[in-house]
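Peer 1: Just need the structure, nothing else, for what follows:
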Amino acid sequence: MSKGYVNVLRDPPDYRYDARIELKHLPDMVFVQNRLVISSPDDKFGVEFNAVDALNSIGAEPSDDIKVASAGAWQNARTESLQTYGPNAVKYDWTFGPNYTGTTFGITVEPTTDSLNMALLTQRDPVLFFDEFHLYCDELDDNGCAEMEVKIRVVESYLFVLLRYYLRVDHVAVKLQDVRLMFEVSMFSLLRKQLC
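Peer 2: Here you go, the predicted model:
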């Protein structure tokens, strides 16, 4: 396991990462050096959580189902501009909603009906290691918050990772999207569950 952090993508952009990020509009804060890698001792297989891959999983089209509370009044005041540019002049997902479950390498991902061992997760075992960090954050032009963060907890019998996307659009919606990853030492298995 390795981790690294905490530099924010700078302005002017950090060109080592800029070429790898496909989004045309970036969140306010992108923590490009924040990453968590969980791998075999020989680094032949594992999973990684990083900002570049998370940002590249965001759709290119705007989300039509979520609008800020003042969208109606804003559109009414700009009818001429809307006739010229159309109602979807914004050509990116301004909520930065990802389709990201981690970046796997050397692993074949297979569907399963198995579930996380909640009994093991809720035991009060001593925590050997815990950390949390952000991959990106945006204040949605003062209309809420969109952020993606990673949390890891290691105890003697398991390793647990929570990848969480949190969206709050003021006076409109709150959305949580979780990816939970658990490695049980006794089973030598890695299980990933996505909750939206």
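
Peer 1: Buried ones in stretch 171-182, by neighbour count?
Peer 2: 177, 179-182 (16 or more other Cβ atoms under 10 Å). C-beta: built from backbone N, CA, C; applies to glycine.

Peer 1: Please enumerate the strands of this structure.
Peer 2: 2-4, 29-30, 35-39, 46-50, 103-105, 129-138, 144-154, 158-169, 173-184, 189-195 (DSSP state E).

Peer 1: helices or strands up against the last one?
Peer 2: Read it as strand 189-195. strand 173-184 (3 or more Cβ pairs under 8 Å, 6 or more residues apart in numbering; DSSP states H and E).

Peer 1: tilt between the strand it packs on and strand 35-39?
Peer 2: 30 degrees (axes from the mean of the first three to the mean of the last three Cα atoms, to 10 degrees).

Peer 1: Direction included, what does strand 173-184 pair against?
Peer 2: strand 158-169 (antiparallel), strand 189-195 (antiparallel) (DSSP bridges).

Peer 1: ok so, going back, just the buried residues of stretch 171-182 now: which is nearest Tyr100?
Peer 2: Val179 (7.5 Å; Cβ to Cβ).

Peer 1: Could you pull up the contacting residues of the closest residue to the closest one other than its chain neighbours?
Peer 2: Leaving aside its chain neighbours, Val179 sits nearest to Leu163 (4.1 Å; criterion: Cβ to Cβ, 6 or more residues apart in numbering). Residues near Leu163 by Cβ atoms under 8 Å, 6 or more residues apart in numbering: 49, 100-102, 148-150, 178-181.

Peer 1: how about a cut-off of 10 Å?
Peer 2: Residues near Leu163 by Cβ atoms under 10 Å, 6 or more residues apart in numbering: 36, 49, 54, 98, 100-102, 135, 148-152, 177-181, 192, 194.
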